[in-house]
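Asker: everything below, folded, please.
(3 chains)
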Amino acid sequence: MIEFKNIEINYGNFAAIRNLNLEVKEGEFFTLLGPSGCGKTTTLRSLVGFVTPTSGSIFVKGADITNVPVEKREISMVFQNYALFPTMNVYENIAFGLRVKKMTKKQIDDEVRDIADKVDLNDEQLMKKVSELSGGQQQRVAIARALVLKPSILVMDEPLSNLDASLRVQLRKELKRIQKAFGITTIYVTHDQEEALTLSDRIAVFNKGIVEQAGTPYDIYNYSATEFVCNFIGDINKLAQPVLEKINLQSAKPFDLKKAAYVRTERVHTALKDTGKDFIQLKAKVVDIEYFGLYTKYAFDIDGAVIKNIEKEDGMTIYSIGDELDLYLHSSDIMQF
Amino acid sequence: MNVVDKIKGQLSSKKLIGIIIGIFLTWFIVAFLVYPNLNLLKLTFFADGRLSLEPFQKLLHSSRALKSLLHSVVLAVSLVVTVNIVGIFLVLVTDYFDIRGAKLLRLGYMTTLIYSGIVLVSGYKFIYGDHGVITNFLVQLFPSLDVTWFKGYWAVLFVMTFAVTSNHVIFLSNAIQKVDYQTIESARNMGASTFYILRRVVFPVLKPTIFAVTILLFLTGLGAVSAPIVLGGRDFQTINPMILSFGQSVTSRDMAALLAIILGVFTLLLLTVMRKIEKGGHYVSISKVKSELKKQKINNKLANAIVHAIAYLLFLIYVMPVIIIVLFSFSDSYSITTSTLSWNHFTFDNYAKLFTQASDFKPYLVSIVYSAVSAVIVVILTLVVARILHKYNHKLSTVLEYAMLIPWLLPSTLIALGLIITYDSPKLIILNNVLTGTVWILLIGYVIVQIPFTLRLLRAAFFSIDHSLEDASKNLGAGTFYTLRRVLLPIIFPSIMAVLALNFNGHLADYDLAVFLYHPLFEPLGIVIKNSSTDQVSVDAKAMVFVYSVILMIISSLTLYLVYGRKAK
Amino acid sequence: MRKPLLIVLSFVLSASLLLSGCASTNQANSGEGGQAPGKTTSADAGKDGTKSLVVYSNSLSDGRGDWLKEQALANGFKLDFVEAGGGDIANRLIAEKNNPVADVVFGLSTINYENFKEQSLLEAYKPVWASEVAEGLNDKEDYYHALVKQAIVLIYNSKLFDEKTAPKDWTDLWKKAEYHGKYDAPSTFGGGTTRAVLAGILVRYQDPNGQYGISQEGWDEIRDYLKFGYHQAEGEDFYANLASGKTPFGPMWSSGIQSREEQYGVKAGVVKPEIGVPYIVEHVAIVKGSKNLDTAKQFVDWFGSAEVQGEWAKKFSSLPANEKALEAAPKDIKDLDASLKTQQIDWQFVAKNMDKWIEKIELELLP
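Answerer: Down below sits the predicted model:
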């Protein structure tokens, strides 16, 4: 459906994107994830047409669109701040693209009301000024405005970043629902890994203009391809060298002491019924406790190095600072790159 | 293939329009902003092809000219101080402090928006002049008072201080409303006093606006004509009237040009200094959740009373001339020559005359047309430029911006002179036309002098637009022009209307530029009013001045109401 | 939000339509650039046979303009006046050299017409009445022809002063302390009267070695003249000040006296210096480049005729140059004329230097 081929984008001497090759399938919810300045938004804007690649080509359905002007691409975008036109009301905002297409009044009206219905905007809200809407409603207008044109591709640039936490979670679900309902190929940009993991069919993790890894959320999380990816996704422990030395004493195959080694916090266990093969046992002391309700995060001291873990709040495992206990790690959970 | 061709075709047509606009702007800048002024310089100092210092020598021998120059500078500097004090006070009273009747006060303070120049000055003269209301009152208190007390530096400064607060009332009150109220609350929470908050929290936010307004103020002070002519008397004449009189005589034009150039040098100096000070002065509010400004109560009872008293005193000062002008417009010539008002001399004749005699009505038409057409042209021209500056940021656009700001450096007298001297004979750059003696030259003059102010406002308006709106529009399939028309222009529409109204009102009664450039058969209002207020004219004509003034104020008020009033509702 | 837009837009639109209307009338009047030749002719001969002319003059005050407009219209000329001081009118004509707006200029003085002739601003035409004018007043090359003689005199309030107590000559004004601050001195120098007064004083100190042909003594006299006089504030009127006694002395052109005496009810005394008083001759001339040349010629023929000038003299107590018209002039003015001696002035010398004098005065001598 969408194919980035050998894309390079430079701003003067600064290389924003280096040799990007990506493929997005029809109907996929594809997320570009990475810290700010990593090139994810640049990639998105090159697809939409606001940025022209320095070299390389972008194909949509096999056609090269690299030099097609923005307004001819039929790729709809939802902006970070929604970019609703302040001088128009909700209805006019949604109808904008249809008017550009010179549809008849009747057609426009039908389309606007149809899409408004689908994104849960009522008639009263349609006539409101956009400034009178809440953040969530504004987002629905932005999505409606994009979808009403029946684009082949929908792109969204951090559409949830302007909202508060609980609304963000709620709208996340709604986004997913709408995307699935329309079955539209969607490119989604975010720096929030949780959003990326929950929403996406596939994720591309960007760093400094390069795609570090592209894959399903499961693969990205469990089989991080690079040190950057494993660090960026999830909560992780970097194992200090003395700890790694201890681990090597127990492990079947030793880890390279010269490289960094990582283990995710939830893969550090305090109690195991079955301490079977390949589990490594380390003596540790509780030094800090952070209570989150849903879970508790503990910090342990192992010979001066700190390792953290999280324990599900099941009303059972409760440690206090100073408690001494054993930690268990599975050697396959230790990642080295 | 077909699609590709189509796209190519569109691209090239877009390019063509770009090239046409580029050529037009280059031509305009060269023909009207650069060439006439350079030509003037050349004619002044290189009259016979080599550098001549004769005008300098003449100037150095003229203590009168040097004194007038000094007066102009002194006036400009004094005005910067006094107008800022009064202007900031006005804005604090109407928008910051909780003052009773603030709305009424505001209306009073806004009177300078509806009349200016010679009309305003004669209004003040009828109050403080020889037979003025205030003078009569003072003479009863102090019989030894000289009735001509209201003249010279202090009189000019007094009148001009109140005459040129318009920019404060418009722009500064806008700026103060953008102060984040939370910063005030937090300052208070930390124990800061009212005055301390003003000084450390509010003023820094206003600083950029105050700077911008100050530049305009300085220029107004340097270019002052009406007030010094009427009130300056023998001891306080400024340079511009002298430039005017030299500029009209062919043999003395080099003197006029030299004096105007000196004014230009002062302006340049000021702009450089201002830029230096201004650097790093801009900052953006970091608050995401701004809260609206609430009016501050002055807790100290005495201070509160004093502020109220001053506010209403200023209100009186502002409103009295307007009232006087309105009253005198209903008076017969006897009352006008003797500055007395009474029921016995009440008459509608002046108005009847205006509407029955076409010749009396014509100046309005001329002035309205000139003001309106020049305002529209300048807005269109500046919109194009502002849009270019908004869209492109490279060396060429910077050059364009600076070129368009040239008129800011030059006193309008110099611009007028440049136009007259350059285009009094056929010049290739305007297709061998002659502009002197045509109706167009005044129109061109008005357009030129309005560019910098208009550009600054519209540029600011364009730059305040969120970039993503333009992206969004394109993304929804709209072309460049459609985006401009349906998305960008509606957003800056209020700014466009505001600047249209200000430009329109600003030139309705213009005298300074018109006196050089007007077509003798199409006398604008400013010229008629000025001529009617000088001697050797019948008293009837003097009565008509008041009628002219009143109608002028009504037109200006209507314009402002259409632009600002509706919004307030 | 929409309504004001509509209103303003329609307003602006109609305004620009008006301007284009104005512009085309202008083209009709001035025949600018020949862009509208059709219109030019249509203006030349209007619907009802009236023909339009643009007339520049400084001699339109005291109702003269209104009267002339009316009379001319009755004779088929529609006149548009541009009125200003003599110097200003001259400056304007010179500035518009390449694109003249005026068809006809009258008033001013010989100084100006000499200047115009030198800069070839005038169209030569000998009006039918040329031979009726007193000898020596017309231009020998027929570029301009005399209409009215004006004596430029120093007058005083005859209620407050008499022949004995009034000054005997202009110079008394600043040389005798009793008159200091009591006479009207000019602050602007665009007017023909002011210029004639200055000429009358300065030519007494002609000196080929002095600056601009005037000795230092002469310049000192002018400095004192301006220093010890009263300068009107904007909006003041000289004769009103004369009547009120604020400045009982000041300059006046001879034909302006009578109407002011009537208006203010104060009779003016006329100072009669031994050296004589400057006489200026007001002329009429056709502006070169006029697109209404035929009409202009017809107008000049009509306006300078003994009949019209006689009426004019009766009405505005002027002293006609046309000797046939002189018979119709009021006795008062003829008597005044007879009692005055003409000051001998080399007008060509004055014409050559006047602008420089004015510049020097404005720069250095005006207090």
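
Asker: okay, CA-based contacts and neighbour counts for the rest of this
Answerer: Fine.

Asker: tally up the residues packed near residue A:58, please.
Answerer: 24 (other Cα atoms under 10 Å in any protein chain shown).

Asker: that one bridge partners, please.
Answerer: Beta-bridge partners recorded for residue A:58 (DSSP bridges): residue A:4.

Asker: can you pull the pLDDT of it?
Answerer: If you check residue A:58, the pLDDT there is 94.

Asker: can you give me the distance of it to residue B:294?
Answerer: 53 Å (Cα to Cα, to the nearest Å).

Asker: residue A:191 now?
Answerer: 38 Å.

Asker: what about the two, which has more around it?
Answerer: residue A:191 (20 against 16).

Asker: my guess is the more buried one contacts residue A:35, does it?
Answerer: Yes - counting by Cα atoms under 8 Å, residue A:191 does reach residue A:35; the two are 5.4 Å apart.

Asker: show me where chain C has strands.
Answerer: In chain C, the strands defined using DSSP state E lie at C:51-57, C:77-83, C:104-107, C:122-123, C:145-157, C:184-185, C:206-211, C:214, C:230-231, C:249-253, C:268-270, C:279-287, C:319-320.

Asker: with mean neighbour count and distance to residue B:63 as extra columns, can I get the ones you listed in TSV?
Answerer: Shown next, in TSV, are the strands of chain C (neighbours: other Cα atoms under 10 Å in any protein chain shown; distance: least, Cα to Cα, whole Å):
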stretch	mean neighbour count	distance to residue B:63
strand C:51-57	24	34
strand C:77-83	21	33
strand C:104-107	26	35
strand C:122-123	22	39
strand C:145-157	26	30
strand C:184-185	24	19
strand C:206-211	14	18
strand C:214	19	20
strand C:230-231	22	18
strand C:249-253	25	27
strand C:268-270	22	35
strand C:279-287	25	33
strand C:319-320	30	42
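
Asker: list the contacts for residue B:110?
Answerer: B:166, B:169 (Cα atoms under 8 Å, 6 or more residues apart in numbering or on different chains).

Asker: what are the contacting residues of the one helix or strand residue A:213 maps to?
Answerer: Using DSSP states H and E, residue A:213 sits within strand A:210-215. When contacts are defined by Cα under 8 Å, 6+ apart, strand A:210-215 is touched by residues A:17-20, A:38-39, A:202-206, A:220, A:224-226, A:228-229.

Asker: and residue A:127, how far from residue A:121?
Answerer: Counting by Cα to Cα, the gap from residue A:127 to residue A:121 is 10 Å.

Asker: which of the two has more neighbours?
Answerer: Just comparing residue A:127 and residue A:121: by other Cα under 10 Å the higher neighbour count belongs to residue A:121, 18 against 13.

Asker: what pLDDT does the more buried one get?
Answerer: So residue A:121 comes in at 88 (pLDDT).

Asker: chain B contacts on chain A?
Answerer: Applying Cα under 8 Å from any Cα of the partner chain, we find that chain A lies next to chain B at A:48, A:50, A:68, A:70-79, A:83-87, A:96-97, A:100-101, A:146, A:149.

Asker: try 7 Å
Answerer: Residues of chain A lying near chain B by Cα under 7 Å from any Cα of the partner chain: A:70, A:71, A:72, A:75, A:76, A:77, A:83, A:84, A:85, A:87, A:97, A:100.

Asker: is it correct that the fifth one falls within a helix?
Answerer: No - with DSSP: H, G, I helix; E, B strand; the rest coil as the criterion, residue A:76 is located in strand rather than a helix.

Asker: what pairs with it across the strands?
Answerer: Here residue A:76 sits in beta bridges with residue A:154, as judged by DSSP bridges.

Asker: surely it and residue A:144 touch.
Answerer: No - using Cα atoms under 7 Å, residue A:76 is not in contact with residue A:144, being 10.2 Å away.

Asker: and the strand holding residue A:213, how far from the chain's centre?
Answerer: Put simply, strand A:210-215 sits 12 Å off its chain's centre (Cα atoms, centre = their mean, to the nearest Å).

Asker: next one: stretch B:219-231
Answerer: In this view, stretch B:219-231 has its centroid 13 Å away from the chain centroid, taken as Cα atoms, centre = their mean.

Asker: contacting residues around it?
Answerer: Residues from elsewhere that reach stretch B:219-231 (Cα atoms under 7 Å, 6 or more residues apart in numbering or on different chains): B:72-73, B:75-76, B:79, B:117-118, B:121, B:151-152, B:155-156, B:236-238, B:240-241, B:267, B:411, C:233-234.

Asker: for residue B:370, give its distance to chain C.
Answerer: With distances taken as Cα to the nearest Cα, to the nearest Å, residue B:370 is found 8 Å from chain C.

Asker: same thing with residue B:89?
Answerer: From residue B:89 over to chain C (counting by Cα to the nearest Cα), the distance is 31 Å.

Asker: then residue A:142?
Answerer: Residue A:142 sits 24 Å away from chain C, going by Cα to the nearest Cα.

Asker: list the contacts for that residue?
Answerer: Shown in contact with residue A:142 (Cα under 7 Å, 6+ apart): A:78, A:82, A:84.

Asker: out of these, who's nearest residue B:434?
Answerer: Nearest to residue B:434 among the contacts of residue A:142, counting by Cα to Cα, is residue A:84 at 50.8 Å.

Asker: helix, strand or coil for that closest one?
Answerer: Secondary structure, three-state DSSP: residue A:84 is coil.

Asker: now it, what are its backbone angles?
Answerer: Backbone geometry at residue A:84, expressed as degrees, to the nearest 10, gives phi -80, psi 140.

Asker: what about it, how many residues nearby?
Answerer: Using other Cα under 10 Å, residue A:84 is surrounded by 25 other residues.

Asker: so what's it up against?
Answerer: A:93, A:130, A:142, B:469.

Asker: next one: residue B:45
Answerer: By Cα under 7 Å, 6+ apart, the contact list for residue B:45 reads B:51, B:52, B:53.

Asker: for chain C, see how far away the second one is.
Answerer: Spatial separation of residue B:52 from chain C under the definition Cα to the nearest Cα is 17 Å.

Asker: residues touching stretch B:34-44, excluding its own?
Answerer: By Cα under 7 Å, 6+ apart, the surrounding residues in contact with stretch B:34-44 are B:254, B:257, B:258, B:415, B:418, B:419, B:422.

Asker: please give the element, helix or strand, for the fourth one.
Answerer: What that stands for is residue B:415. Going by DSSP H and E, residue B:415 is in helix B:412-422.
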